[in-house]
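Q: Sequence first, then the predicted structure, then my questions.
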Amino acid sequence: MSATELEATPTPSARRRRLVLIPVALLGLIGLALTYLFLTAQPEPSVPLGASASIPGGMASIGEIVPVEDDGWEPEDNDDALDGAPADGSHRVRVLVRITALEPGGLRLDTGDFSISGLGRERFRPLWESPPVVDLTQGTTAGATLIFEVPDRAIALVLDGPGGSRLSLGLSHHTP
C-alpha cells in the first residue's frame, strides 16, 4: 500500500462518526416537518360559550353546562345509560342546548348528531339525550339536554353539531 492509499482509507472512528450523522439528520428533518405542521395548523373556529351558531334550518346555543355529579340530576325516564359511575379520569356533564327554527320549512334535528371534541381529535358521543329528535316550525324554540362523559382535564372542548356548527364549552365547569 502506498502512502496516498493509507491517507484515503478512513479510520474506524471517522466511519462511525459519518454513520451517526445519518440518524441525526433524519431526526432533524422529522423535527422540522413537525414544527412546520404545528405552526401552520389552523384551529377550527368555534362560537363562544353562550353565543348562537348556525345549524341547518336555524340556530343553536348552549344555555348551561353542569357537572352531573354536582347537582344530582337524573333523567325523568330513569334510563339505564347513566347507571354506574363514570370511568376513571372522567366525569359527566349535562349540556343544555337551545334550538330555534328560522327557515320557513322548520327544522328537524337529531340530538344524537351532537358530539364533543377536544385535543387529539377524540370525539365523545352523548350517553343520553332528550328529546332524541326535535321537530320545530319556523319561529319556535326548544331545549335539548345532552349528557356526555368527558375527561377530568381542564381542556378546551367544543360541542360539534349538525352542519359543521361548533359551540365552545369553555373551561368554566372545571374551575371550583
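A: Yep, it's here. Numbers count the residues shown, from 1 in each chain.
Q: Which other helices and strands does the longest helix along the chain contact?
A: Under DSSP state H, the helix in the chain containing the largest number of residues is helix 12-40. On a contact count with 3 or more Cβ pairs under 8 Å, 6 or more residues apart in numbering; DSSP states H and E, helix 12-40 meets no helix or strand. Placement of C-beta: from N, CA and C, glycine included.
Q: the strands in the chain, which residues?
A: 52-55, 58-67, 90-101, 107-110, 115-117, 123-124, 128-130, 133-136, 141-151, 157-160, 166-170 (DSSP state E).
Q: Quick check, central residue of the chain?
A: Centroid-nearest residue in the chain, with Cα atoms, centre = their mean: Ser117, separated by 1.7 Å.
Q: Surely it is in contact with Gly161?
A: No. Using Cβ atoms under 8 Å, Ser117 makes no contact with Gly161, being 11.1 Å away.
Q: For this protein, which residues score under the pLDDT cut-off?
A: 1-10, 41-44, 78-79, 81, 119-121, 154-155, 170-176 (pLDDT under 70).
Q: Okay, domains of it per the record?
A: The chain is divided into the following domains under automatic domain parsing: 3-40, 52-174.
Q: quick one, which of those is nearest to Ser46?
A: Among the domains of the chain, domain 52-174 comes nearest to Ser46, with 3.8 Å by Cβ to Cβ.
Q: Give me the distance from the closest one to the chain's centre.
A: 13 Å (Cα atoms, centre = their mean, to the nearest Å).
Q: And for stretch 36-53?
A: In terms of Cα atoms, centre = their mean, the centre of stretch 36-53 is found 11 Å from the chain centre.
Q: And it, end to end?
A: Chord length of stretch 36-53, first to last residue, is 31 Å (Cα to Cα, to the nearest Å).
Q: Need the residues that contact that stretch.
A: Contact with stretch 36-53 is made by 59-62, 65, 100, 158, 161, 165-170, 172, as judged by Cβ atoms under 8 Å, 6 or more residues apart in numbering.
Q: Same question for stretch 152-169.
A: With contacts defined as Cβ under 8 Å, 6+ apart, stretch 152-169 is touched by 44-49, 51, 53-56, 60-62, 65, 89-91, 93, 95, 97, 109-110, 113-119, 123, 146, 150, 170-171, 174-175.
Q: buried set for that stretch?
A: For stretch 152-169, burial by neighbour count (16 or more other Cβ atoms under 10 Å) applies to 157-161, 165, 167-169.
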